[in-house]
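sequence-free structure coming up:
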């Protein structure tokens with residue numbers, strides 16, 4: 001059994017380019033950061049901290065706790081190193097575990113072979129010590145161990161999450177071109193929206209962005225919608241810690257916002273999906289749903305608010321020429337009807353983004369799957385001052 005209060009290295013993975021927004025989350029949760037990288041953030045903490053992080057993080061993929069790190073120059077040395085580790089401290093002899101490997105090394109051309117080597121080493125240690133062995137497989141539904149090997153250095157971790165955290169548990173109807181919940185949350189952090197002013201989401205699709213906006217505004221965290229994590233199958237796990245954290249999550253929830261959050265779409269089917277997902281999240285009554293073209297969406301007059309578009313990109317959903325007019329009309333609509341708001345357009349087609357006709361204050365890079373995307377940020381001033389910022393060069 002291991003000590004869940006012992007401090008160790010924690011690595012939190014995320015979508016490529018999401019690390020700055022994951023860092024912002026962690027700082028807001030009072031964690032001290034040791035390093036920020038393109039697809040992960042490193043810090044120190046305990047396994048009980050990992051429980052907390054799994055339940056609170058909106059932009060993360062997995063929370064990993066380091067078991068060991070060691071030099072490794074050839075696959076032939078891996079079995080003995082892994083077998084020497086005290087696996088009986090982590091799982092029971094009649095339990096179940098799975099292994100994930102991320103390997104970039106000249107002696108390996110198939111990461112699945114590495115998984116087998118690690119599984120064999122763990123199983124053989126149990127068989128030698130106890131005469132019985134745990135089961136293993138590819139399903140991430142109990143204990144999960146994650147192995148990284150690049151160059152001459154390797155590390156093995158407890159994957160405390162198991163199934164990915166990018167899905168927040170409420171979206172039962174994904175829609176035709178869904179934005180993952182973690183990406184929607186990262187976009188909201190990047191946008192600078194304060195969670196205290198009107199939020200308008202035309203072309204809402206399955207409603208992910210609008211729902212994440214409500215969750216942000218009411219301090220509803222992903223742990224409210226999930227009750228199973230891989231850490232629960234590690235020796236030393238105390239269910240009392242989890243249930244105490246769950247209770248505190250429920251106590252954090254704020255009442256219904258006193259400002260409008262509006263989701264609209266021209267498709268009644270999309271709005272029905274949005275309603276269903278919002279109902280699962282427990283926030284259906286907090287969103288004003290509208291079936292209408294984006295030009296007819298309700299835009300409350302305000303001195304501060306955000307309007308968020310995630311239009312089609314062209315590569316996947318339509319002919320690019322047909323979308324040029326839509327992007328141009330989004331720009332005209334924001335300029336004429338959204339004064340006082342921050343305009344936000346998330347697009348995976350940079351050429352179409354230029355058709356908006358407004359100069360963005362910022363172009364924030366993201367990936368949506370493998371698609372190179374930008375969140376374009378526009379300041380929509382009241383009066384005649386609509387576009388004033390030069391666009392900074394992307395790093």
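Everything's here; your move. On a predicted model such as this, the values are computed, not experimentally measured, just so you know.

Helix, strand, or coil at residue 16?
The three-state label for residue 16, taken from DSSP: H, G, I helix; E, B strand; the rest coil, comes out as coil.

how close does it get to residue 104?
For residue 16, the distance to residue 104 under the criterion C-beta to C-beta, to the nearest Å works out to 15 Å. Glycine gets a C-beta too; all of them are placed from N, C-alpha and C.

What is the subsequent helix or strand relative to the one helix or strand residue 184 maps to?
In this assignment (DSSP states H and E), residue 184 forms part of helix 181-191. Sequence-wise, the next helix or strand downstream of helix 181-191 (DSSP H and E) is strand 199-201.

what helices or strands is the next helix or strand after that next one leaning on?
Of the helices and strands lying after strand 199-201 in sequence (DSSP H and E), the nearest is helix 208-217. On a contact count with 3 or more C-beta pairs under 8 Å, 6 or more residues apart in numbering; DSSP states H and E, helix 208-217 meets helix 181-191, strand 199-201, strand 261-265, helix 268-281.

Buried residues, the last one. List them.
Neighbour counts over helix 268-281 (16 or more other C-beta atoms under 10 Å) mark 270-278, 280-281 as buried.

Who are the packing partners of the helix holding residue 184?
Using 3+ C-beta pairs under 8 Å, 6+ apart as the contact criterion, the elements in contact with helix 181-191 are helix 19-28, helix 208-217, strand 306-309, strand 342-347, strand 362-368, strand 371-379.

ok, the fifth one: who's next to it in the sheet?
Just to be clear, that refers to strand 362-368. Next to strand 362-368 in the sheet, as set by DSSP bridges, lie strand 371-379 (antiparallel).

can you pull the buried residues of the partner strand?
When neighbours are counted by 16+ other C-beta under 10 Å, the buried residues of strand 371-379 are found to be 373-379.

Find the residue ranges of this protein scoring beneath the pLDDT cut-off.
For the chain, residues meeting the criterion pLDDT under 70 lie at 177, 315-319, 383-395.

the residue most distant from the middle of it, which is it?
Relative to the C-alpha centroid of the chain, counting by C-alpha atoms, centre = their mean, residue 131 is the outermost residue, at 41.6 Å.

Contact partners for that residue?
Remark: with contacts taken as C-beta atoms under 8 Å, 6 or more residues apart in numbering, residue 131 is in contact with nothing.

And for residue 56?
Residues near residue 56 by C-beta under 8 Å, 6+ apart: 25, 29, 221-223, 249.

Same list, the residues you listed, but as CSV with neighbour count and distance to residue 339 please.
What follows is the contacts of residue 56, written out as CSV (neighbours: other C-beta atoms under 10 Å; distance: C-beta to C-beta, whole Å):
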residue, neighbour count, distance to residue 339
25, 22, 31
29, 13, 35
221, 20, 34
222, 24, 35
223, 24, 38
249, 18, 38
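
And the furthest pair within those?
Across the contacts of residue 56, the two members that end up farthest from each other (C-beta to C-beta) are 25 and 249, 14.9 Å apart.

which element is residue 66 on?
Residue 66 belongs to strand 60-71 when assigned by DSSP H and E.

that older thread, including distance to residue 154, could the helices and strands packed on helix 208-217 go into a markdown table?
What follows is the helices and strands packed on helix 208-217, written out as a markdown table (distance: least, C-beta to C-beta, whole Å):
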| stretch | distance to residue 154 |
| --- | --- |
| helix 181-191 | 27 |
| strand 199-201 | 44 |
| strand 261-265 | 46 |
| helix 268-281 | 40 |
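
mind checking which of those is nearest residue 36?
Ranking those by their distance to residue 36 (criterion: C-beta to C-beta) puts helix 181-191 first, at 13.7 Å.

What lies in contact with the closest one?
Judged by C-beta under 8 Å, 6+ apart, the contacts made with helix 181-191 from elsewhere in the structure are 14-15, 18, 20-22, 24-25, 58-61, 165-168, 171, 179, 208-209, 212-213, 216, 222, 306, 308, 342, 344, 346, 364, 366, 368, 375, 377.

so it versus strand 342-347, what angle?
With axes from the mean of the first three to the mean of the last three C-alpha atoms, to 10 degrees defining the directions, helix 181-191 sits at 140 degrees from strand 342-347.

quick one: the residue farthest from the centre of the chain from residue 282, how far?
Note on residue 131: its distance to residue 282, by C-beta to C-beta, is 49 Å.

How about the contacts made by residue 267?
Taking C-beta under 8 Å, 6+ apart as the definition of contact, the neighbours of residue 267 are residue 291.
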